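>>> for reference, the sequence and a predicted model appear below.
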Amino acid sequence: MGKNKLVLGFDFSPEINLGRYLQKIRSFPILSPEEEFLLANEYIINKSSAASQKMLTSHLRLVVKIAAQFRGYGLPLAEMIAEGNIGLILALNKFNPQMGCRFSTYAMWWIKACIQKYILSSWSLVKIGTTTAQKKLFFNLKKIKEKLQLLDDTDFSDKIIFEIADYFDVSAQEVINMNERIKNHDGSLNVVLKDDEQGSEWLDFVADKKPNQEEVFSAHEDYSRKKKIFEASLVCLTQREKEILFKRRLQAKANTLENLSLEYAISKERVRQIEFNSIKKIKNFIAQNKA
């Protein structure tokens, strides 16, 4: 929001204090068509920061009005307003008053575009839509359900699905898939439980499965103890038995029976016997020397 603060001319944003922000923007006057035309020309010709601030601040209420239309998507209103403000700034840089159009009419499309882009990137971890038709479908399905007085988790009838698909120029399966995504919207772990008087969040009831400090220390102590016991048990093996056991069981990549048979000039079966006899000796040693 640093860019917004600089251009809009005041030192706080909707994310910091939404109530104060809404109260502040009510104090900015609405421009007449004549004032708007003169200021827009002044900004285009001289890049006047004073003219741009008057143009922008007089339309901040429009951004709030448009952002409020997208409240049903469950995203913070303050963040949508901030994104809409970016659209307002972009609109001013593209606006041409000579075309005979009011700035509010022109800017609303840029404001909506920025807010919709934010919603598409933030509403779900799953990518919502890539084509223009899919994006249009996403933003209109909720309105259609409200018009038909259907709940968000309600499925459409086949007739309605085909009518929607035909109207938005998408396949029936795309309508079904989009409806499923809206029904199974990602939930936030920071949502406050409705029936909890203490304001607990879902996150408060998610168990942390990572081991705590005591468990980590205990596991380390247990590993160290077993390592010492194993190292002590090696005294029951000959040098060749130690080497074969290490090369077969204690290396990152085990040596093959064939390689070891060539190295020690014995059969593969003999290597296998030495390996298993060494393990048996170690187990017996540990069992006999338990404290």
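Now that the structure is in, tell me what you want to look at.
>>> quick one: low-confidence parts of the stretch 151-291 of the chain?
Counting by pLDDT under 70, the ranges of the stretch 151-291 of the chain that qualify are 151-154, 181-208, 291.
>>> please enumerate the strands of it.
For the stretch 151-291 of the chain, no strands are identified by DSSP state E, counting those that start in this stretch.
>>> now stretch 80-95, how far from the centre of its chain.
In terms of Cα atoms, centre = their mean, to the nearest Å, the centre of stretch 80-95 is set 24 Å apart from its chain centre.
>>> which residues are contacting that stretch?
1, 3-4, 7-8, 13-15, 18, 21, 40, 43, 52, 55-56, 59-60, 62-64, 66-67, 70, 103, 106-107, 109-115, 117-119 (Cβ atoms under 8 Å, 6 or more residues apart in numbering). The C-beta positions use only the backbone N, C-alpha and C, and glycine is treated the same way.
>>> could you do stretch 26-37 as well?
Contacts of stretch 26-37 (Cβ under 8 Å, 6+ apart): 39, 54-55, 57-58, 60-61, 97, 102-103.
>>> show me what counts as buried in it.
28, 31, 36-37 (16 or more other Cβ atoms under 10 Å).
>>> start and end of it, how far apart?
End-to-end distance of stretch 26-37 (Cα to Cα, to the nearest Å): 22 Å.
>>> picking up where we left off before, Val175: which of the buried residues of stretch 26-37 is nearest?
Closest approach to Val175 among the buried residues of stretch 26-37 (Cβ to Cβ): Glu36, at 41.6 Å.
>>> name the element that closest one belongs to?
Using DSSP states H and E, Glu36 maps to helix 33-46.
>>> which is the next helix or strand following that helix?
Next element after helix 33-46 (DSSP H and E): helix 49-57.
>>> after that following helix comes which helix or strand?
Helix 49-57 is succeeded, C-terminally, by helix 60-68 (DSSP H and E).
>>> list the helices and strands that following helix packs on?
helix 18-25, helix 77-94, helix 103-122 (3 or more Cβ pairs under 8 Å, 6 or more residues apart in numbering; DSSP states H and E).
>>> now render those helices as TSV, adding mean neighbour count and mean pLDDT.
Output for the helices and strands packed on helix 60-68, formatted as TSV (neighbours: other Cβ atoms under 10 Å; pLDDT from 0 to 100):
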stretch	mean neighbour count	mean pLDDT
helix 18-25	15	87
helix 77-94	21	92
helix 103-122	19	89
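>>> in CSV: those helices, plus distance to Ser48.
Shown next, in CSV, are the helices and strands packed on helix 60-68 (distance: least, Cβ to Cβ, whole Å):
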stretch, distance to Ser48
helix 18-25, 21
helix 77-94, 12
helix 103-122, 15
